[in-house]
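**Student:** Mind looking at a prediction? Sequence and model below.
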Amino acid sequence: MAHGAELVSSFFMASRANVPAPVSSSQSAANSSGKSAAVLIAGWLVPGAGHLLLRHWFRAALLFVSVGAMFSIGIALQGKVYVPNTGDPLDMLGFAGDLGTGLLYILARAFDWGHSTVQIAIADYGTKFIVVAGLLNIISAADAYALSTGRKPR
C-alpha cells in the first residue's frame, strides 16, 4: 500500500512541476496581446506570416505556398475577383472570402487580375479557388493567433 501512495504523490509532484507560472505583470500581458494582434494581422496580410513570427517555419512555408498557389491557379483560370458593392448576398460572401487573401486581393484589384464576370465555364472553378484561398488564409491567421495566446498547444 505504501508503494501506491508513493506513486500517487510522485504523479502529483510531477504534474505540478509542468504547470507554467502565472503571468504576474499586466505589462507583460499587454505585450503578449500586442504580439498576438500583430501575429493575427500579419497572418492575414501575408499567408503564413503569422506562423513565421511564431517561428513555425515549416507551417509558414506550407501556408504561403498553398494559399499562393490556390490564388494563382484561380487567377490563371480567369476566376472572378469580387468587388464590395454589388448588393447580392452571395457576392458579398465571395468578397469576404476574396478579402481573406490579404495583400493578394489588394494586388489583384490594383493590377486588374481576374475578371469581373465569369465568361467561361472553367472560370467558375477559378473563382472557387480564389475564395477558398482566402478562407484558408483566414483560418491560418486565426490558428496563428490561437498559438500566440496559448489557447492552442504548440
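**Tutor:** Sure thing, it's come through.

**Student:** which stretches of the chain form helices?
**Tutor:** Listed in chain order, the helices found in the chain under DSSP state H are 2-17, 26-45, 49-53, 57-76, 89-99, 103-110, 121-149.

**Student:** in the second one, what counts as buried?
**Tutor:** What that stands for is helix 26-45. Ser36, Val39, Leu40, Ala42, Gly43, Trp44, Leu45 (16 or more other CB atoms under 10 Å). No exception for glycine: its C-beta is placed from N, CA and C like everyone else's.

**Student:** measure Phe111 to Leu104 for me?
**Tutor:** 11 Å (CB to CB, to the nearest Å).

**Student:** which of those two has more neighbours?
**Tutor:** Applying other CB atoms under 10 Å to Phe111 and Leu104 shows that Leu104 carries more neighbours, namely 27 against 9.

**Student:** Run through the residues that contact the more buried one.
**Tutor:** Residues counted as contacts of Leu104 (CB atoms under 8 Å, 6 or more residues apart in numbering) are Pro47, Val67, Gly68, Phe71, Ala133.

**Student:** ok, now with 7 Å
**Tutor:** By CB atoms under 7 Å, 6 or more residues apart in numbering, the residues touching Leu104 are Phe71.

**Student:** how near is it to Ser148?
**Tutor:** Where Ser148 is concerned, Leu104 sits at a distance of 22 Å (CB to CB).

**Student:** Go ahead and confirm Gly68 touches Pro47.
**Tutor:** Yes: taking CB atoms under 7 Å as the definition, Gly68 is a contact partner of Pro47 at 6.2 Å.

**Student:** Those two - which one has more neighbours?
**Tutor:** Set side by side, Gly68 and Pro47 show unequal neighbour counts under other CB under 10 Å, the larger going to Pro47 at 30 against 17.

**Student:** Who's the closest spatial neighbour of the more buried one, skipping the chain neighbours?
**Tutor:** In space, and not counting its chain neighbours, Pro47 is closest to Val67: 3.7 Å by CB to CB, 6 or more residues apart in numbering.
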